[in-house]
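Undergrad: next input, structure requested:
(chains A, B, C and D)
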Number of protein chains: 2
Amino acid sequence: MELVKDMVELDKDKPGRREELLQAALDLFSENGFKGTSIRDIANSLGVSVSVIYHYFQNKEGLWSELLGYSVKALPAKLEAAMVGGGHSVERFRRLLRVHLTASNYYLKESKMFLSSHERMSVDGNKQSKEIERRILDIYVSILEELRRDGWVKTENTKILAFNVLGVINWQLRWYRPDGPLTGDQLYEEIIAFILYGAVGVPPGR
Amino acid sequence: MELVKDMVELDKDKPGRREELLQAALDLFSENGFKGTSIRDIANSLGVSVSVIYHYFQNKEGLWSELLGYSVKALPAKLEAAMVGGGHSVERFRRLLRVHLTASNYYLKESKMFLSSHERMSVDGNKQSKEIERRILDIYVSILEELRRDGWVKTENTKILAFNVLGVINWQLRWYRPDGPLTGDQLYEEIIAFILYGAVGVPPGR
DNA sequence: TTTTCACTAGAACGATCGTTCTGGTGGTTG
DNA sequence: CAACCACCAGAACGATCGTTCTAGTGAAAA
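TA: So this is what the prediction gives:
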């Protein structure tokens, strides 16, 4: 059935049109947003016709949604999985932050897309985005509540605290450049240290 | 010359068309962004014709720019002014944070507009935005360097630290709701405490 | 009264948008 | 061979975009 004949040329791991389209759309969407990227922009960046896009995808929003599907939509489950392991609350909080930072930067462009979703799209697509944001927030609120029970966190406004933590994590997507002086891990430790101890604070003596 | 005749009616402080247009544009721009707001949207929200907008403003970008002109564009100077006063470095840092939070929330919608400027506009408008961001970043880097000289800040990556601080401040624009349980000042102190001491850190004993 | 002009409605223009349609490849399958 | 079908180019459609044009208003100035 599937006898591959003579494709012994240089096309060893040719991406395929569908993957090419996804990659081109990812680059443009993450840079210019949903409204700032036209179907023709995506097609022209590959030198193909617009009908090619509609052959592989239902429409513009389907293309957008598929890019978020394998990346951002899987984030809440990934964060929940990072919490089930052992260790005391501070250790687990650190692990959560590390997993979150790693995942966000692995899917850097997809995450940028997601955060630019204020330019709202269809009703359903917006509802899905809000649901993801809510699940992530709940994860942080629960671990911060735990930290408060253990005496690490002082404030009772754990929800505000969770927003602040998410602010740091999400904001780095806007300024992170892979060609910076620090490696990814060094950067993550720097950010985690800020989230735990702030700009001038010191670790509590325990 | 300017004898006001008999406008003794209820129109004591009638905003005037120009101010009405600015307010309507502010509401829509801050909610849906630049590309997500059409000239007709703004005109329709007041029940007037589109030509009214072009009578008072040069074009869509001029309207956008004017909204940022009296608010965000004045922010760097306001922050610099907050730094010139006396006090040791931590006090001045706290004052900077308070002024920044107060100004951002006073011009909440304008600040939201500014942060959604990733959907870039004209070349010149984008250059102006980048310049504002750079000036604000420089202010934070300089005070953090000062804090480092005084021994409060441990890390040498003050620029990354500045990004993290700005992340917290700017992120709260996305989730702050005036009808929340906390007053503005309570919220600011909560945010400032996080920036200084983090989620679990304690103030250094000095 | 006549003239002027700030102000406004509404039509219109050209460009671009997302999407669909038509037609034609070239290769696989019967 | 003929039939089929995944794949693609390009035209086309209707909607909407920012902007401009035309033609009034009505009140103040002359």
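
Undergrad: can you list the low-confidence ranges for chain A?
TA: Low-confidence regions of chain A, defined here as pLDDT under 70, cover residues A:1-14, A:119-120, A:205-206.

Undergrad: quick one, helices of it?
TA: Counting by DSSP state H, one finds helices in chain A at the ranges A:17-32, A:39-46, A:50-56, A:60-69, A:75-83, A:89-106, A:108-115, A:123-149, A:158-175, A:184-197.

Undergrad: closest to residue B:57 out of those helices?
TA: helix A:17-32 (25.0 Å; CB to CB). Where C-beta positions appear, they are placed from N, C-alpha and C, glycine not excepted.

Undergrad: now that closest one against helix A:158-175, angle please.
TA: Counting by axes from the mean of the first three to the mean of the last three CA atoms, to 10 degrees, helix A:17-32 lies at 110 degrees to helix A:158-175.

Undergrad: domains in chain A, by residue range?
TA: Domain assignment of chain A by automatic domain parsing yields the ranges A:17-64, A:70-197.

Undergrad: and DNA strand C, which of these is closest to it?
TA: DNA strand C lies closest to domain A:17-64 among the domains of chain A, at 3.1 Å (CB to the nearest atom of the strand).

Undergrad: and the nearest residue to residue A:184 once chain neighbours are set aside, how far from residue A:69?
TA: If you skip the residues right next to it in sequence, residue A:184 has residue A:105 as its closest partner in space, 6.3 Å away by CB to CB, 6 or more residues apart in numbering or on different chains. With distances taken as CB to CB, to the nearest Å, residue A:105 is found 19 Å from residue A:69.

Undergrad: who's more crowded, the two?
TA: Comparing residue A:105 with residue A:69 by other CB atoms under 10 Å in any protein chain shown, the one with more neighbours is residue A:105, at 16 against 13.

Undergrad: how far off centre is stretch A:125-136?
TA: Stretch A:125-136 has its average C-alpha position 13 Å from the chain's average C-alpha position, going by CA atoms, centre = their mean, to the nearest Å.

Undergrad: sorry, that was for stretch A:71-78
TA: Relative to the chain's own centre, stretch A:71-78 is displaced by 8 Å; criterion: CA atoms, centre = their mean.

Undergrad: how about the residues of chain A near DNA strand C?
TA: Where chain A comes near DNA strand C, counting by CB under 7 Å from any atom of the strand, the residues are A:1, A:5, A:37-41, A:50-51, A:54, A:59-61.

Undergrad: of those, select the buried ones using a ChimeraX command.
TA: Those of the residues of chain A next to DNA strand C that meet the burial criterion (16 or more other CB atoms under 10 Å in any protein chain shown) are gathered into one ChimeraX selection, given here:
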select /A:37,39,60
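
Undergrad: max pairwise distance over the residues of chain A next to DNA strand C: which two?
TA: Checking the residues of chain A next to DNA strand C with CB to CB, the most distant pair is A:1 and A:38, at 40.4 Å.

Undergrad: now render the residues of chain A next to DNA strand C as a markdown table, adding distance to DNA strand D.
TA: Formatted as a markdown table, the entries for the residues of chain A next to DNA strand C read as follows, by distance: CB to the nearest atom of the strand, whole Å:
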| residue | distance to DNA strand D |
| --- | --- |
| A:1 | 15 |
| A:5 | 16 |
| A:37 | 15 |
| A:38 | 11 |
| A:39 | 9 |
| A:40 | 9 |
| A:41 | 14 |
| A:50 | 6 |
| A:51 | 3 |
| A:54 | 8 |
| A:59 | 13 |
| A:60 | 12 |
| A:61 | 15 |
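
Undergrad: in space, what's closest to residue A:122 - neighbours in sequence excluded?
TA: residue A:61 (5.9 Å).

Undergrad: for residue B:131, find the nearest of the domains of chain A.
TA: domain A:70-197 (15.9 Å).

Undergrad: how about the closest one, does it reach DNA strand D?
TA: No: looking at domain A:70-197 against DNA strand D by CB under 7 Å from any atom of the strand, there are no contacts, and the closest approach is 12.6 Å.

Undergrad: how far does that domain sit from its chain's centre?
TA: Between the centre of domain A:70-197 and the centre of its host chain there is 9 Å, according to CA atoms, centre = their mean.

Undergrad: and residue A:21, how many neighbours?
TA: With neighbours defined by other CB under 10 Å, the count for residue A:21 comes to 23.

Undergrad: do you know how far it is from residue A:81?
TA: Using CB to CB, one obtains 31 Å as the distance from residue A:21 to residue A:81.

Undergrad: residue A:40 too?
TA: Computed as CB to CB, the residue A:40 to residue A:81 distance reads 40 Å.

Undergrad: same question, residue A:169
TA: Distance check for residue A:169 against residue A:81: by CB to CB, it reads 17 Å.

Undergrad: tell me which of those two has more neighbours.
TA: Regarding residue A:169 and residue A:81, a neighbour count based on other CB under 10 Å identifies residue A:169 as having more, with 22 against 10.
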